[in-house]
Each structure stands twice: as structure tokens, then as C-alpha cells.
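In: Sequence and predicted structure below; questions after.
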Amino acid sequence: MPSSPRNYPTVDYDTHARTCAPDAFWAQVKRTVHGKPVPDSQIELIVAEIKRQLALSTQDNLLDLACGNGALSHLLIDSCATLAGIDISAYLIDVAKKHFAQAPRVTFIENDVTMYLSTEPAPLRFTKVLCYGSFMYFPDDVAHATLRLIGERFSNVQSIFIGNLPDRDRVSAFYTQRDPMPNELDDPQAQIGIWRTKETFSAMAATAGWRTSFSNMADEFYSTHYRYDALLHRRDITVTR
């Protein structure tokens, strides 16, 4: 980890969210372009892609890791039986509970992701896992532990969708006005988080027992030029799509 102070933009989602209006849900989780919340049409693309990639059905119990304020989670509940969202930010989970919880079907829990995965008392209830727009803020050890714990404890989960990952092979498509600073691309606290190549991501997932297929959002998606999505399946499962 680089030592502070850093010479590039960083982000603390809990601190940032507290500076936003209580109902500015997309601004709170920085689903923005140049500081402005993305339009509904962009959110609709995300929701449709999550549902398609995970093949969500009303029989599924979905676990949403690093769910933020639940605004995105909320748009998926018509396509699953239950949903549990986990996030380390006390403030964002308070927003999720206030605006989007529907206990017992839709719940939100304040916890560190790996602590939750290590201690969830009923891991077998979940069938699908989502982590959208957050995995790049997991340090390498946390990222690997997350995938390993799902594989070991959540044995009814056969697929994980990890979305909106910054592609290290396409750094120049984002950094058009300057070059990234030393350590910036490897810093989970940097504004964009850790940039991983598909090869790096796939190798990490493989060591945790998962095989990975990659995809990109449609051309009209606002960040498709420098990001990719990853769909993980257990390595011993053959999937027909």
C-alpha cells in the first residue's frame, strides 16, 4: 500500500456519502459522470445486464456484496426470492434500511465483506452472488479471500457476477489528460480502485476455485470503453448459456 499523502485522487465512500443529500442515491455511491448522476437509461442497462448474466429467477436468493445504499439492489428484487445486501459503511446501510429494506425478504447488513462471509450462519440459503462497482476497492488479499470464502462456505452458489471492473489493458482510454501516478493503478483507495487485467483477474479467481468469462457492456454504456464485467462459475460445473 502506498503511504499517505497520495498525489492522486482517492475516495472514502462513507465520508463521501455523508456529503450528499439524503435522497441523492446515485451521487452517494458515485454512480456519476463528472459529478452528475448517470441517467436512468444507464441504470436500466446495468440492471438488465445483471439479471441476464446471473440468469436471475424468482427462486434465487441473492447476496449483494458491497451493496452501498441499496439503490441498485432495490431494482433487482422483482427478479429474486430474497436479497441480502452487505456493506461496511454504516451510513450507506442506514440509507438502505430506511429506503429499500423489506424485511424479511430484503435485508441490509453493516459488516466487512470477509467478516460477513466468514460468519454468516446460514450460507447455504444463497444461490447467486453479485458485486457491482465495488470489487476494485478490495485489496488483493481481500479479493481472493472473498472468492475463496464464497467457494468454501456458500456451496449452493454456482455463479458470481462482478461488474464494472477497470481494465488495466485499457488504462489510456480513461487517463486521457494525464498519466496515472506511481502506485495509483494498484491502490484500492484510489478514485478508480485497482486496475486488473482480465488475465490477472482470471488467475486470481482460479486459485479460489472459479473459472471466469468476461463481457463488456453495450457501446452506449458510459464506461464500457475502459471497464469489463466478470461472470464466475465453479470450476467443476459445466454451464450451458
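Out: Structure received.

In: Could I get the full set of strands for the protein?
Out: 32-33, 36-37, 61-65, 82-87, 106-110, 128-132, 159-166, 210-215, 227-234 (DSSP state E).

In: For those, give me TSV that also has mean neighbour count and mean pLDDT.
Out: C-betas here are computed from N, CA, C, even on glycine. Listed next are the strands of the chain as TSV, based on neighbours: other C-beta atoms under 10 Å; pLDDT from 0 to 100:
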stretch	mean neighbour count	mean pLDDT
strand 32-33	12	88
strand 36-37	14	88
strand 61-65	24	98
strand 82-87	24	98
strand 106-110	19	98
strand 128-132	25	98
strand 159-166	23	98
strand 210-215	16	98
strand 227-234	21	98
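
In: With distance to residue 74 as new columns, can those strands be given to me in a markdown table?
Out: Converted to a markdown table, the strands of the chain look like this (distance: least, C-beta to C-beta, whole Å):
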| stretch | distance to residue 74 |
| --- | --- |
| strand 32-33 | 18 |
| strand 36-37 | 15 |
| strand 61-65 | 10 |
| strand 82-87 | 9 |
| strand 106-110 | 8 |
| strand 128-132 | 13 |
| strand 159-166 | 16 |
| strand 210-215 | 24 |
| strand 227-234 | 20 |
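
In: Ok, which of the ones you listed comes nearest residue 177?
Out: strand 32-33 (15.0 Å; C-beta to C-beta).

In: Sheet partners, orientation included, of the closest one?
Out: strand 36-37 (antiparallel) (DSSP bridges).

In: coming back round to it: so which of the strands of the chain comes closest to residue 93?
Out: strand 106-110 (4.2 Å).

In: What is the closest one packed up against?
Out: On a contact count with 3 or more C-beta pairs under 8 Å, 6 or more residues apart in numbering; DSSP states H and E, strand 106-110 meets helix 71-74, strand 82-87, helix 90-99.

In: Please repeat the previous calculation with a cut-off of 7 Å.
Out: strand 82-87, helix 90-99 (3 or more C-beta pairs under 7 Å, 6 or more residues apart in numbering; DSSP states H and E).

In: Out of the ones you listed, which gets nearest to residue 170?
Out: Once the helices and strands packed on strand 106-110 are compared by C-beta to C-beta, strand 82-87 is nearest, at 27.8 Å.

In: and the angle for that closest one with strand 61-65?
Out: Taking axes from the mean of the first three to the mean of the last three C-alpha atoms, to 10 degrees, strand 82-87 and strand 61-65 form an angle of 10 degrees between their directions.
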